[in-house]
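*Asks:* quick one, structure for this:
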Amino acid sequence: MPSLDESNIFQDTLEYFVNGGKIKKRGNVELSLALKTLEDVSKSKGLSPEDIISLIKVAASGYHGDVISCKLIKCLVPASQFPVRAVELALSFMCTSKPSNKVQATLLRLLIAVYDYIDEKETVQKLGYLLFYFIENTVLTPYVCHLLYLLTRKEDVRLYRVRKLLELQTKLGPQPYLIGLLSIYKLYFPNLVSIVIPNTRKQFFPTRDRQWYAVIKEVQERNQAADTAHMKSSLELSEKLQAAELSMLHGIPPAKRRKVDPIPVVHSSSSRLTVKLSSRLMAMLEEKPLPFVQIQNIETLLKNPDRVELPSQMGAALRSPLLQCFMSYNADPLMTSRFSYWIQDTLCEKLLYSTQTPACFPEIESILKKLIQFTEFIQEGIPVVDKVLFRYLQIWNGLDFRQEIFRLVSRCRLYPFSVLNENILEPLRKLFVRTSVFIKCQVMLCLSQLLQNYAMVEIPRYNQKYPEAKPGISVFEDDIGMFDPLTSVIELIGYVDRLASVGLALENDHNILLHFTLSFYELVSTLYARYGLPFVYLPSRHMIRALLCDNATGPARLCGVINSYKSNCQMLKDDATNNEIEIPGYQKKETIHSLNILILDLCDSLWRRKAFSHGRNDSYLNFDLEHLATEASDGLSLYLHQAFLPFALLFLKETQPKENIGHPKGIKNVRDMFMEFLQRENIGEIKDFILNTITRYRNSTSDTKNKV
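*Replies:* Model prediction:
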């Protein structure tokens, strides 16, 4: 709490600027001390609304000159909220000839910086028409367009304003700030704006005053943390004295309860209406906009979709499930455009432009987690988020926000493979080859989820190539041009296949990495059966490494994957419609031939005991027999394989007398019983594989069942 002397010094400083006469500028020590005191107070605890109103009268009038006025404006850091009266005074003085262009530009920059903290934004929206009169001032145009972008409502769009912006664009060229404001106008009234808005997403209004923003945010967080601590102590005291009373938090103004994060709250002055209206008055107001903050349930939302007045900041959707439902239900381009602008600006500021410190990590993680929840809810990626990720992955250290980044990458939109390779796959490859096996597993999981997202969501949405598919409904539209989505998916699978081969070689076939690799192959093997993709992509030869694993899950899962490949190939062959689809770079006959070779290798190894003596030159296990022992082929058999020996010994203990346990070779004559035993031990993939590939065993099994 400030001492009495500090308070007196600050009050004297205010009196010096507000009620003092003309201030001498050169060599004025008193002026320097007053500015230093005001700057220190504003950066430490901020200014009250009354002090802001007093100082903005002096600063906006330009009475003390441009230098002092601009310094005073930069000291107007609100302690809690920025008073709307100060906004009115700033715009009023701008309408006079007193402040210079430099002072007016600084005032507009102030309003942009404190926009989220203005207490009554609806009043500011009503004053928005005054800003348009400054649109022709080339010094003020970028800031005016930025403010109008934030304030514009449907009723604010007029034909003469569109004409004026088009004239300015002809004069100044296609400036980003003009295009940004025109994009909002076109979303409201496409018939009024004839120009084509570029599809490429860029920041219409890049942040110029990052240090100023950081000071305002730091003051807000410090004051809110102090308020929270004070509320906590008061609440504890109240609970001790009156346990039956309600929490003191209900008596604290809403502004004090706001969480310390950059995500705005759903706000509207209409929410302060506490008087119960009569039925007649309600009928009169029936056609007026309904502030979103007054909507309490989904039923009210669905009954009034055309009357909903959106929040002043669409970023509030990250904290409001009801607003997320409305965005997915309505799919209004205006809402998505406003949200895209906000999330792009926020992510660029947090991830790309500002210096990341451990203190800001919880805040960034909170934003990313809420963004992930939002993308999971709408079941699609957000184009502007993809663009920010593309840039961030180039400078990412692979450690910060790793879980969140991988989740967002797995929700990326479908792009041509060249775009994916340059912006996503190459940064992940660099991370993959230089990190531990556990991060390699996370990369494999991320790419598996990305492939599943493409197969399940993105390809059905991209329905230009498949008119028979259901039309894709997307909340965030993004025109990325025409390309073959199946080719992109096949090239992605091939890339991940090669990456997994490198990873297994680097990690000496680590069991965990092998598990995630086989999970990826399981997904690839079922792309046709589950998602209808008309191809079967067989991995490269390194897949056979799973057969040599010393863990039983490796060979077992390999058999399950090959069994799935065989079933999908047969389904695809039987489907005549898919046989007519030609995919560049995909050779169906070669895939089936390679699959047959792999099936023969597994059968020769596990069942026929001919892993290296099969006599085929195209085998995956093609070794020179002169360098192998005669018994080497037996080493990969079902009951002598190093991964299954523990199960073989356990099987012998259960089926043989304790004093006469034989050699595992004796299981050869009771292999069907041994496979039943493996199935009981949750290793049933091998039995399914043998049943589906070896006709003699399948027939003998069926005959045995018939006799029983």
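
*Asks:* use CA for all of it now, contacts and neighbours both
*Replies:* Noted.

*Asks:* excluding residues flanking it in the chain, which one is nearest the most centrally placed residue in the chain?
*Replies:* Of all residues in the chain, the one closest to the mean position by CA atoms, centre = their mean is L408, 4.0 Å from it. Spatial nearest neighbour of L408, excluding adjacent residues (CA to CA, 6 or more residues apart in numbering): I372 at 6.5 Å.

*Asks:* and that neighbour, backbone torsions?
*Replies:* The phi and psi values for I372, taken as degrees, to the nearest 10, are phi -60, psi -40.

*Asks:* quick one, what contacts it?
*Replies:* By CA atoms under 8 Å, 6 or more residues apart in numbering, the contact list for I372 reads E404, R407, L408.

*Asks:* ok, now how distant is it from E404?
*Replies:* Distance of I372 to E404, computed by CA to CA, to the nearest Å: 7 Å.

*Asks:* same check, this time on A455
*Replies:* 22 Å.

*Asks:* okay, those two: which has more neighbours?
*Replies:* The residue with more neighbours, out of A455 and E404, is A455; 24 against 17, by other CA atoms under 10 Å.

*Asks:* the residue lying closest to that one once chain neighbours are set aside: neighbouring residues, count only.
*Replies:* Excluding the flanking residues, the one nearest A455 by CA to CA, 6+ apart is Y531, at 6.1 Å. Residues lying near Y531 (other CA under 10 Å) number 15.

*Asks:* for the residue located most distally from the centre of the chain, give me its contacts.
*Replies:* Ranked by distance from the centre of the chain (CA atoms, centre = their mean), the top residue is E659, with 63.4 Å. For E659, no residue meets the contact criterion (CA under 8 Å, 6+ apart).

*Asks:* how near is it to Y537?
*Replies:* Applying CA to CA to E659 and Y537 gives a distance of 51 Å.

*Asks:* what of I493?
*Replies:* Distance, I493 to Y537, by CA to CA: 8 Å.

*Asks:* report the set of residues contacting both of those two.
*Replies:* Shared contacts of I493 and Y537, counting by CA under 8 Å, 6+ apart, come down to V524.

*Asks:* list the buried ones in the strand or helix carrying L650?
*Replies:* Assigned by DSSP states H and E, L650 belongs to helix 645-655. Residues of helix 645-655 classed as buried: L645, F647, A648, L649, F651, L652 (neighbour count, 16 or more other CA atoms under 10 Å).

*Asks:* tell me how many other residues crowd Y115.
*Replies:* Applying other CA under 10 Å, we find 19 residues neighbouring Y115.

*Asks:* which pLDDT does the model give it?
*Replies:* Listed pLDDT for Y115 reads 87.

*Asks:* got the contact list for it?
*Replies:* Counting by CA under 8 Å, 6+ apart, Y115 has no contacts.

*Asks:* ok, so what distance separates it from S366?
*Replies:* Y115 is 22 Å from S366, by CA to CA.

*Asks:* you'd agree L527 is up against Y521?
*Replies:* No: using CA atoms under 8 Å, L527 makes no contact with Y521, being 10.1 Å away.

*Asks:* out of those two, which sits in the more crowded spot?
*Replies:* Legend: neighbour count by other CA under 10 Å for L527 and Y521, higher for Y521 (25 against 21).

*Asks:* in a helix, that one, correct?
*Replies:* Yes: under DSSP: H, G, I helix; E, B strand; the rest coil, Y521 sits within a helix.

*Asks:* next, the contact list for the spatially closest residue to it that is not a sequence neighbour, please.
*Replies:* Leaving aside its sequence neighbours, Y521 sits nearest to V561 (CA to CA, 6+ apart; 6.8 Å). The contact partners of V561, by CA under 8 Å, 6+ apart, come to L518, Y521, E522, S525.

*Asks:* V561: which element?
*Replies:* Per DSSP H and E: helix 553-574 holds V561.

*Asks:* what average pLDDT does that helix get?
*Replies:* 86.

*Asks:* and what of stretch 168-182?
*Replies:* The average of the pLDDT scores along stretch 168-182 is 87.

*Asks:* same question, stretch 655-668
*Replies:* 77.

*Asks:* measure it end to end?
*Replies:* Span of stretch 655-668 from end to end, CA to CA: 14 Å.

*Asks:* how about stretch 540-552?
*Replies:* Termini of stretch 540-552 sit 22 Å apart (CA to CA).

*Asks:* just the buried positions in that stretch, please.
*Replies:* For stretch 540-552, the neighbour count (16+ other CA under 10 Å) marks M543, I544, R545, A546, L547, C549, D550, A552 as buried.

*Asks:* how about the fourth one, nearest residue that isn't a chain neighbour?
*Replies:* With CA to CA, 6+ apart as the measure, G554 is the residue that lies nearest to A546, at 5.1 Å, once sequence neighbours are left out.

*Asks:* shouldn't that neighbour be in contact with I544?
*Replies:* No: the pair G554 / I544 is not scored as a contact, 9.9 Å apart, by CA under 8 Å.

*Asks:* now I73, nearest residue through space, not along the chain?
*Replies:* Of all residues not flanking I73 in the chain, A59 sits nearest, at 6.2 Å (CA to CA, 6+ apart).

*Asks:* give the other helices and strands that the strand or helix carrying the one you found contacts.
*Replies:* Assigning secondary structure by DSSP H and E places A59 in helix 49-61. Helices and strands touching helix 49-61, by 3 or more CA pairs under 8 Å, 6 or more residues apart in numbering; DSSP states H and E, are helix 4-18, helix 66-74, helix 84-94, helix 101-113.

*Asks:* and stretch 118-136, how far apart are its ends?
*Replies:* Note: stretch 118-136 ends 26 Å apart using CA to CA.

*Asks:* and that stretch, what's buried?
*Replies:* Neighbour count says stretch 118-136 has 118-122, 124-125, 127-128, 131-132, 134-135 buried, by 16+ other CA under 10 Å.
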